[in-house]
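> Predicted model and sequence follow; I will ask about them next.
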Amino acid sequence: MNTWVYVDHFKGNALPSSWEAIGVGKSLGQVTALVFGSSVETLATTAFEHGADEVLLAEDASLEDYRAEAFATTLENLASKQMPDLLLFPTTTRGRELAAMAAIDLKTGVMVDVTALEVVGDKVTITRPIYGGKLLTRETCSSKPLIITLRGRAFPKPMQQAGRSGKLTRVAAATGDFPTRVEGYTTSGSGVSLADAGMIVSGGRGVSNNPAFTPPPGLDEKQVEVWRGQQGFVLVRDLASALGAAVGASRAAVDAGYIPYVHQVGQTGKVVSPDVYIAVGISGAIQHLAGMRTSKVIVAINKDPEAPIFRLARFGVVGDLFQIIPALTTALKKKMGK
Amino acid sequence: MKIVVCVKQVPDSTAKVVVEQGRIIWGDAPLVINPWDEYAMEAALQQREALSGTVTAVTIGDESARETLRRALAMGADDAILISDPGLVNLDTQATAQVLAAVIRKIGAVDMAFFGRQAIDGDAGLVPAQTARLLGWPALTLASVIKVEGGSVHVERGIEEGRQIVTAKLPAVFSMTKDFGEPRYPSFMGIRKASRVEIPAWSLAGVGIAAPVSVITWPEIINPPSREITCEYITGSNPDEIAEALAAKILAEKVL
Ligand SMILES: Cc1cc2nc3c(=O)[nH]c(=O)nc-3n(C[C@H](O)[C@H](O)[C@H](O)COP(=O)(O)OP(=O)(O)OC[C@H]3O[C@@H](n4cnc5c(N)ncnc54)[C@H](O)[C@@H]3O)c2cc1C
């Protein structure tokens, strides 16, 4: 099977799920990686090192910033000349959107957020979660090319082989009038993207629940609650940074204003599946579980022994997070020699 | 400003959804408006309040989907259209987008089309971008801030790295995320008004298109294998002892 893999990146930094997609493509045959941007030749090198046989490199000032229309049309122009059997995208915000548009342009369908893939001859059947992971569906597509987006961390990342190289082909960016203009970015600062994180520490409403904290004077009731929650998240962040983990949150913590929405895990937040997910002061509502139930190992710290989160947890501590979490951070730092 | 909001009816997010004899069932949990579409409704209503105009809610579904349109009307939509036809079953996303693009064209002179970022049943999140592509309009997906000035629109979009700030020309398609701001609850007046609005039903012939062809099929839907997990509770005589034991367990799992 001849597979194209879209390499998703932000300012030249690839999202690791792009490499996972190259790994999947390699297991099926030849892989051509698509690298679009401006000054992104180093990404082509990295794509070869992860297993790509060929790279189609579209470098142009007009591709400096991701714009759906310009990128989708560049892709359409390439595919209309030499149609691949399969197009793979990582299920990132950009990957999902480009896959959606490519399906319209190439008159086919998309199998999205795929977690498993079965190939018999040229028949591909995928598995993906629906209803927030409450069910799994198998899907097939009757038209060509096949377009699939792969859920991050559902497939192994191939080893990077330094010095491995392949055929680099420069291709043209789409010309035309794409009226969307990018004015700039506000970046969230928190380095690790939740979807790619190997470890996540998440805080819930429980983190505001420390009566021992004395809020500064002059705050009203609502401000006091937010202040308490933010103090609680200091403990969550300390633990996360000791582990090199990303920080997540329940919706209750986000809605109460303890932490911004980008950190929310769950049905109306991000879907994550790290190796280790540590839930601190989170009850485990069904909508929260929808976002993290596929984590390999779940650790729960909650003072309520009946909290539903314990039903998914591999390890649990029934206790006061304000005692356990600082002690855990200290113990981890000591064990890790920090 | 002529605004369309595409909404979908889904089982409530707390529903226990399972497959029995090949069919998806959700017990007696109610069918509700897709939670993400409430943000789309909120965004649309705020645009109407700022710029004046009309908001039309559209759904594809059977007769029962009228309830979801009533909810949109109760929130403040001016009118609603049910797209209903025996040819509209088991649609994949591109087929859905073809119908919605045709409906938006048929309504005519639409400036802004709003969607939720995804529906919580199929979880695909493809229809907004696909509809935009079919219409040839900018896809301003995952929007959290929208400001219209003249014929152009300023949007902040959620991306993995934070937010991307873009400007584009109307007409455009928007898909909304939660950090746009909480959707309003229908008022008592709104609910009363909604109960009196006539909701027309359009068939495919009424929209003026043939039945769209779905290319994705789902031969099998299954319950996920249950995770056989027994929680190992870490105990100890004091927090430090517990922390010590838990730290060892976590480090044993951590892939370095
Ligand atoms: C349409 C819809 C979508 C939703 N989407 C999401 C979503 O994406 N993500 C999400 O998370 N939720 C979502 N929710 C909300 C969800 O239903 C819950 O309300 C939410 O997850 C609860 O968050 P929580 O566990 O932090 O708070 P709570 O349920 O209030 O739990 C707090 C926990 O902290 C524990 N606790 C308190 N003090 C301490 C202490 N000192 N030490 C230890 N433990 C302590 C308590 O025992 C309790 O278990 C959604 C709801 C709806 C209706």
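Structure received.
> Output the below-cut-off pLDDT ranges for the chain.
I went with chain A, as the question did not name one. Within chain A, the stretches with pLDDT under 70 are A:188-192.
> oops, chain B please
Residues of chain B meeting the criterion pLDDT under 70: B:255-256.
> for it, longest helix please?
For chain B, the longest helix by residue count, based on DSSP state H, is helix B:35-51.
> List of residues touching that one?
Applying CB atoms under 8 Å, 6 or more residues apart in numbering or on different chains, the set of residues contacting helix B:35-51 from outside is A:267-268, B:1, B:3, B:5-8, B:13, B:33, B:53-55, B:57, B:72, B:75-77, B:112, B:114-120, B:143, B:146, B:148, B:174-178, B:180-184. From N, CA and C alone the C-beta is placed, and that goes for glycine too.
> Does it reach the ligand?
Yes: using CB under 6 Å from any ligand atom, we find that helix B:35-51 touches the ligand at residue B:35.
> pull the CA atoms of that helix into PDB?
What follows is helix B:35-51 as a C-alpha-only set of coordinates in PDB (Å, rounded to 0.1, in the frame of the first residue of the first chain):
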ATOM      1  CA  PRO B  35     -23.800  20.200  24.300                       C
ATOM      2  CA  TRP B  36     -21.300  21.700  21.900                       C
ATOM      3  CA  ASP B  37     -24.200  23.100  19.800                       C
ATOM      4  CA  GLU B  38     -25.300  25.100  22.800                       C
ATOM      5  CA  TYR B  39     -22.100  27.000  22.500                       C
ATOM      6  CA  ALA B  40     -22.800  27.500  18.800                       C
ATOM      7  CA  MET B  41     -26.300  28.800  19.600                       C
ATOM      8  CA  GLU B  42     -24.800  31.200  22.200                       C
ATOM      9  CA  ALA B  43     -22.300  32.500  19.800                       C
ATOM     10  CA  ALA B  44     -25.000  33.000  17.100                       C
ATOM     11  CA  LEU B  45     -27.300  34.800  19.500                       C
ATOM     12  CA  GLN B  46     -24.500  37.100  20.600                       C
ATOM     13  CA  GLN B  47     -23.700  38.000  17.000                       C
ATOM     14  CA  ARG B  48     -27.400  38.800  16.400                       C
ATOM     15  CA  GLU B  49     -27.500  41.000  19.600                       C
ATOM     16  CA  ALA B  50     -24.400  42.900  18.400                       C
ATOM     17  CA  LEU B  51     -25.300  43.200  14.700                       C
END
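> Could you pull out the buried residues of that helix?
Buried residues in helix B:35-51, counting neighbours by 16 or more other CB atoms under 10 Å in any protein chain shown, are found at B:35-45, B:47-48.
> Quick check: of those residues, which lies closest to chain A?
Comparing those against chain A with CB to the nearest CB places residue B:35 closest, at 6.1 Å.
> Quickly list what residue 9 is bridged to.
With no chain named, the answer covers chain A. Note on residue A:9: beta-bridge partners by DSSP bridges are residue A:14.
> nope, chain B
According to DSSP bridges, the partner residues bridging residue B:9 are residue B:33.
> what about the strands in the stretch 101-250 of chain A?
Taking DSSP state E, counting those that start in this stretch as the criterion, the stretch 101-250 of chain A carries its strands at A:110-114, A:116-120, A:123-130, A:135-141, A:146-150, A:167-170, A:181-187, A:199-203, A:246-249.
> So what angle separates the directions of the second one and strand A:110-114?
Between the direction of strand A:116-120 and that of strand A:110-114, the angle (axes from the mean of the first three to the mean of the last three CA atoms, to 10 degrees) works out to 130 degrees.
> Mind listing residues that contact strand A:116-120?
Contact with strand A:116-120 is made by A:1, A:24, A:28, A:124, A:125, A:126, A:127, A:148, A:154, as judged by CB under 8 Å, 6+ apart.
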